[in-house]
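> quick one, structure for this:
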Amino acid sequence: MIIKKSKQNSTITTLLLDKKTHLSNNPENLKFSFEDFCSKQKYSSSFSDWQKIGLLSKAMETMHGYCNSPIKYDGTKCSLYNDFPSKYDTLFDYPEHVTPDASWVRIHVNGPAVIVGHIIQNTFFVVFLDKTHKFYLTKKTRQQYFGKKANKPENRSK
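Have a look, this model is predicted:
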C-alpha cells in the first residue's frame, strides 16, 4: 500500500495565493472596459498614437495600479466630474454612443496626458485618450480658445 503525503505550502506561498485570490475576487476593485472607446474626435488619440510617443505602456501601468483597489477620487490623479464639461470647458464633443447620464472621470497618466471616461459602479469605461489635456481645459487654455469674456453655462447640452 502506497501512502500519499500531501504537500503543505510554505507560509510565503500561502500568503501570495491568499493575496491573488483576494485581489482577483474583490468585486469592489476597479475594472476597465474599452466598449465605449472613441478615437475619432480631433483631440482624441488612438492606441497607436500613444504607443508611438511612449504613453501606452504608461497608461497600462496606471490602469493596472487602479485595478488593485476600489477607485478613490483625490482630485489630482483621479477626478470625478460627474457631468460632461460645458462647451467652454472642453474641446471634445459628447459622444453619441455614451449614455446621457454618464458620470465622467479623468485619470492622470503623465504630464498633460489623461484617460477620460465614465464610470458605472466599479467599471471605468475608457472613452478618450487625451494626450494634450483638452477634455477639461485650464483657465488659461480656455481663454486661449474662447477669449476672456466667454460665458460659461453650467452644463453642456447632450
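> where do the helices of this protein begin and end?
Using DSSP state H, the helices of the chain run over 11-25, 47-52, 56-66, 139-146.
> what's the closest of these to residue 103?
Closest approach to residue 103 among those is made by helix 56-66 (15.8 Å; CB to CB). C-betas here are computed from N, CA, C, even on glycine.
> average pLDDT across that closest one?
For helix 56-66, mean pLDDT is 94.
> by contact count, what packs against it?
Applying 3 or more CB pairs under 8 Å, 6 or more residues apart in numbering; DSSP states H and E, one finds that helix 56-66 contacts helix 47-52, strand 103-110, strand 113-120.
> can you list the strands that the last one pairs with?
Taking DSSP bridges as the criterion, strand 113-120 pairs within the sheet with strand 103-110 (antiparallel), strand 123-130 (antiparallel).
> got the buried residues for it?
Neighbour-count burial for strand 113-120 flags 113-119 (criterion: 16 or more other CB atoms under 10 Å).
> flag the shaky bits of this structure, pLDDT-wise.
Within the chain, the segments meeting pLDDT under 70 span 1-7, 14-25, 149-158.
> now do 50
Across the chain, the ranges flagged by pLDDT under 50 are 154-158.
> sorry, back to before: quick one: which of the helices of the chain is nearest residue 31?
helix 56-66 (9.3 Å).
> list of residues touching the closest one?
Helix 56-66 is contacted from outside by 30, 32, 47, 50-51, 78, 107-110, 113, 115, 124, 129, using CB atoms under 8 Å, 6 or more residues apart in numbering.
> picking that back up, format the helices and strands packed on helix 56-66 as JSON lines; extra columns: distance to residue 145.
Formatted as JSON lines, the helices and strands packed on helix 56-66 follow (distance: least, CB to CB, whole Å):
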{"stretch": "helix 47-52", "distance to residue 145": "21"}
{"stretch": "strand 103-110", "distance to residue 145": "18"}
{"stretch": "strand 113-120", "distance to residue 145": "17"}
